[in-house]
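Novice: Starting from these lines, generate the structure:
(one chain, ligands or ions: 2)
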Amino acid sequence: MKTVKGVKISPGVVCGPIYHFEKGHLAVPRHFIRKEDFEYEMDRLMVAVQSSKDELAQVRDLVMDHLDEDHARIIDAQLLAVQDEEMIKAVKDLMVRERKNISWAYYEVMDEYEKLLLKTESRFFKERSADLRDIKKRVLHHLVGDKDLIHPQITEPSIIVTEKISPGDLIHIDQSLALGLITRYGGFDSHAGILARAFKVPYLSDIGSIDELVSYSEIILDADNEEILLDIDDSVKNRYQARIREFRKYRKQIISDKVANSTGDKVPYHIYLNAGFVNEVKAMNPKLIQGIGLFRTEYLCIERNSIPDEETQFQAYKSVLTKMGKLPVVFRVFDFGRDKLLAMLDMEIIQEDHVFDEWGGIGFLLENPEILKIQLRALLRASVYGNAQIMLPLVMFTDEVKQTVKLLNEIKAELRKAGVSFSQNIELGAMIETSSVLDELDELGKIVDFFSIGTNDLALYLIGSGRTVDLTKNYYHPKIFKAINQVVIAGEKANIPVNICGEMASDPYALIGLTAIGIRSVSVSTSSLDLISKQVSSMDTSHLEHLAELILNDDNAASIYSILMQYHRDFLDQSE
Ligand code: PEP
Ligand code: MG
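Specialist: Ligands and ions are numbered 1, 2, ... in the order given. Predicted structure coming up:
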């Protein structure tokens, strides 16, 4: 039996067929069909061809009205090609021969034609390949309905195999069909990684090559042991059966225990949840949790491929607040940074500007105040339905927060004037995740109500580790602990709470170090909640005091890691 090694991004073990998603290509539904489905599938193709013909005829009329006969001839050529009998026969033959469903067969035949045209020396034929691409898209849109063909289209439970995946792809997949995920490139702190863990989808990355994988019809993805098993037989499946069943049960499980609110020695501790979808919040039980420490509002945009208008945003925030009742909900205003941006590339506003790397955080929103104003209005209006707090991402300078406060006050005045009510004590927090803001903590502490440390980005700023390409646990880096310690001290000075909402807080070893240096509030993903809650309730802060000194005086990540691991082994393993 063959195995392929990878790097664990999200745990679990599953067995199933592969869905090969080729990013940048149209993502058509692909599955094998039975003989008795042939006729139905061909009928579907003929309906899609007819609808495309009707559309093209309309386009031709428009072209004739507004342009001329020469341009209309381009459409004539497309009209002929879309119903080409030879092409339709080739699709049918492929479907029958290889039992591929019709959208898959159609896609492959058209792809072949396109490649042939591109290979010729003739400029005329090369140009015709663009027509063919156009027809292909048109017919496929009719075949698969109004689904977005950019994202993976899974029609049966499958393990997705792809070079790389964006958060938008993951959001658009029917979660119940995503058995697992395998990518060539990925990262533990990437938003796709964060989402996979939130959705409890086992995910393995850094696979050398995916070419070999995609030739297998069924595989076992054992993310826990960081391997993929190919050419599996019944005996292998039997060996894995118990673990696969266990994992399936775990995936269905929702939070069942009340979240710990203090350590083993009764020191108060907050454990909040990270979220980004209204439905995710609706599934939570407010009686068992303490609130939402990070609601990533930009996921509302990724879901829609656009920025929702004020009313849509208001309804979303209101639903979240209503569900949470008195519990705090920290809404982080849109953060269009890095890999989140990739998920929204079709957004008009983003297409206009190409300085992708610089984008994100409150800086971008202040440069585009219309977006920020609408969001703040929606948040303020919704604030009367619960305990809302507002948080600003990627703050670089105190001045950015001052500008936001000014804008917030202007909007409040407008709302007051219009007789619209809003909460009077809505708190404002700053995310600490850039190196430049670390120099302004004291000044910043005077104007915000809380700090929340985004360790995913902080690692990027402080040690330059790419969040989408590198899995090495950057959290143990001495620079990270020193920076967090600086924030804890500034928080004490300003008498404001300090929270950690990056993935570091979900790491059991890192959590020990964080608690040792004085962190008493974290926000974690739903899938880590149980583990973190158990660990907090079994930690004794008096045992941790000496650890703070050890960690802060160490300048080696590997040695910090081993200190924390040792502590975990000595004190926590037995108590769980
Ligand atoms: C972070 O950077 O740690 C964080 C929580 O924000 P995000 O992951 O959404 O960038
Ligand atoms: Mg961040």
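Novice: Now do the nearest residue to Leu531 once chain neighbours are set aside, the pLDDT please.
Specialist: Nearest residue to Leu531, sequence neighbours excluded (CB to CB, 6 or more residues apart in numbering): Pro508, at 6.4 Å. C-beta coordinates here come from the backbone N, C-alpha and C atoms, glycine included. Looking at Pro508, its pLDDT is 89.
Novice: cool, Asn474 as well?
Specialist: Confidence score, pLDDT, at Asn474: 72.
Novice: Contacts only, for it.
Specialist: 189, 459, 463, 465, 480, 557 (CB atoms under 8 Å, 6 or more residues apart in numbering).
Novice: Nearest to Val487 among these?
Specialist: Nearest to Val487 among the contacts of Asn474 is Ile480, at 10.9 Å by CB to CB.
Novice: Give me the neighbour count for that closest one.
Specialist: Using other CB atoms under 10 Å, Ile480 has 24 other residues around it.
Novice: How about the one helix or strand it maps to, which residues are buried there?
Specialist: Using DSSP states H and E, Ile480 sits within helix 478-494. Residues of helix 478-494 classed as buried: 478-485, 487-488, 490-491, 494 (neighbour count, 16 or more other CB atoms under 10 Å).
Novice: Against ligand 1, how distant is Ser423?
Specialist: 24 Å (CB to the nearest ligand atom, to the nearest Å).
Novice: That residue: what's its closest spatial neighbour, skipping adjacent residues?
Specialist: Ser383 (3.7 Å).
Novice: wait, that neighbour sits on Gln424?
Specialist: No: under the criterion of CB atoms under 8 Å, Ser383 is not in contact with Gln424, lying 9.1 Å apart.
Novice: Neighbours of whichever residue of the stretch 201-350 of the chain sits closest to ligand 2, how many?
Specialist: As assessed by CB to the ion, ligand 2 sits closest to Asp335 within the stretch 201-350 of the chain, at 6.2 Å. By other CB under 10 Å, 25 other residues sit near Asp335.
Novice: For burial, what's the neighbour tally of Leu550?
Specialist: Residues near Leu550, counting by other CB under 10 Å, number 15.
Novice: Name the residues of stretch 308-324 that come out as buried.
Specialist: The neighbour-count check on stretch 308-324 (16+ other CB under 10 Å) flags 308, 313-314, 316-321, 323-324 as buried.
Novice: Need the max-distance pair from those residues.
Specialist: Among these, Pro308 and Met324 lie farthest apart (CB to CB), at 19.9 Å.
Novice: Leaving out sequence neighbours, find the closest residue to Ser436.
Specialist: Nearest non-adjacent residue to Ser436 (CB to CB, 6+ apart): Met396, at 4.8 Å.
Novice: That neighbour belongs to a strand, doesn't it?
Specialist: No: under DSSP: H, G, I helix; E, B strand; the rest coil, Met396 sits outside any strand and is assigned coil.
Novice: from memory it sits against Thr434, does it?
Specialist: Yes: in this structure, Met396 is within contact of Thr434 by CB under 8 Å, at 5.2 Å.
Novice: before we move on, the earlier item: what's the separation between the residue of the stretch 201-350 of the chain closest to ligand 2 and Asn101?
Specialist: From Asp335 across to Asn101, the span is 39 Å (CB to CB, to the nearest Å).
Novice: likewise Lys266?
Specialist: For Lys266 relative to Asn101 (CB to CB), the value is 60 Å.
Novice: Settle it for me: which of these two has more neighbours?
Specialist: Ranked by neighbour count (other CB under 10 Å), Lys266 and Asn101 place Asn101 first, with 20 against 11.
Novice: Next up, phi/psi of the more buried one, please.
Specialist: phi -60, psi 170 (degrees, to the nearest 10).
Novice: element containing the nearest residue to Lys287 once chain neighbours are set aside, please.
Specialist: What sits nearest to Lys287 in space, not counting adjacent residues and going by CB to CB, 6+ apart, is Lys258, at 7.7 Å. Using DSSP H and E, Lys258 sits within no helix or strand.
Novice: what packs against the helix or strand harbouring Asp65?
Specialist: If you go by DSSP H and E, Asp65 is part of helix 38-66. Contacts defined by 3 or more CB pairs under 8 Å, 6 or more residues apart in numbering; DSSP states H and E place helix 38-66 against helix 69-82, helix 85-98, helix 102-119, helix 123-143.
Novice: which residues are in contact with the second one?
Specialist: For helix 85-98, contacts defined as CB under 8 Å, 6+ apart pick out 33, 38, 41-42, 45-46, 49, 81, 100-102, 105-106, 108-110, 113.
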